[in-house]
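*Asks:* Kindly generate the corresponding structure for this input.
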Amino acid sequence: MIGREDKKSNDLFFTCSLIDYIARKTKNKRSAVVDALGRPLIEKIYDLADVYHSDNIDRVSDDFIAAAGILTGVFDNVAAARYAVPSHWDIGKVYKRLILGIAKETGMDILDALFAAYHSFVSDKIENFNSSFYYDAPQNILNAYLYNEIEP
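*Replies:* This is a model prediction of the structure:
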């Protein structure tokens with residue numbers, strides 16, 4: 001392990017950050033981006049994240065938007081935000097922690113956990129930048145996923 005976390009955790013962080021970047025750029029929900037990319041392209045991003053991370057994220061995102069045929073949508077949670085907007089890196093970290101937690105708690109592989117996270121009600125809560133949910137404690141976000149409810 002080099003750095004603060006293992007390589008595959010960092011690769012997952014980049015993968016999730018790129019998904020968020022593409023979603024913002026194309027004005028789509030994160031689940032729609034995950035569906036459009038599909039497992040083969042997400043697996044490619046995850047496997048080659050160290051290479052893509054060294055490149056310009058605009059170019060990388062454009063390549064994957066074109067490869068997946070992602071069209072511009074109407075979901076713009078950045079424009080709808082009334083407060084400071086977290087970066088795509090911030091949200092990538094939230095999803096990375098959630099996905100690692102799901103994989104650990106359920107025994108799913110990382111990509112299955114990724115699809116589960118982005119297709120859960122928790123993803124809608126994370127995408128709402130007018131709430132405080134996305135910066136809640138990682139364990140609380142994981143518990144919301146695991147127990148299908150948000151603690152009051």
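
*Asks:* Return the set of buried residues in the helix or strand of the chain with the lowest mean pLDDT.
*Replies:* The helix or strand with the lowest mean pLDDT-type score in the chain, counting by mean pLDDT, DSSP states H and E, is helix 77-80 (a mean of 93). Residues of helix 77-80 classed as buried under the neighbour-count rule (16 or more other Cβ atoms under 10 Å) are Asn77. C-betas here are computed from N, CA, C, even on glycine.

*Asks:* Identify the residues contacting the following helix or strand past that helix?
*Replies:* Toward the C-terminus, helix 77-80 is succeeded by helix 88-106 as the next helix or strand (DSSP states H and E). Helix 88-106 has contacts (Cβ atoms under 8 Å, 6 or more residues apart in numbering) with 9, 12-21, 24, 30, 108-110, 112-114, 116-118, 122, 126, 134-135, 138-139, 141-142, 145-146.

*Asks:* cool, stretch 122-141 as well?
*Replies:* Identification of contacts with stretch 122-141 by Cβ under 8 Å, 6+ apart yields 29-31, 77-78, 80-83, 85-86, 90-91, 94-95, 97-98, 101, 117, 144-145, 150-151.

*Asks:* Could you turn the buried ones of these into a PyMOL selection?
*Replies:* Under the burial definition 16+ other Cβ under 10 Å, those of the contacts of stretch 122-141 that qualify are selected in PyMOL by:
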select buried, resi 29+30+31+77+86+91+94+95+97+98+101+117+144+145+150
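
*Asks:* Roughly how far does Val78 sit from Asp11?
*Replies:* Distance, Val78 to Asp11, by Cβ to Cβ, to the nearest Å: 25 Å.
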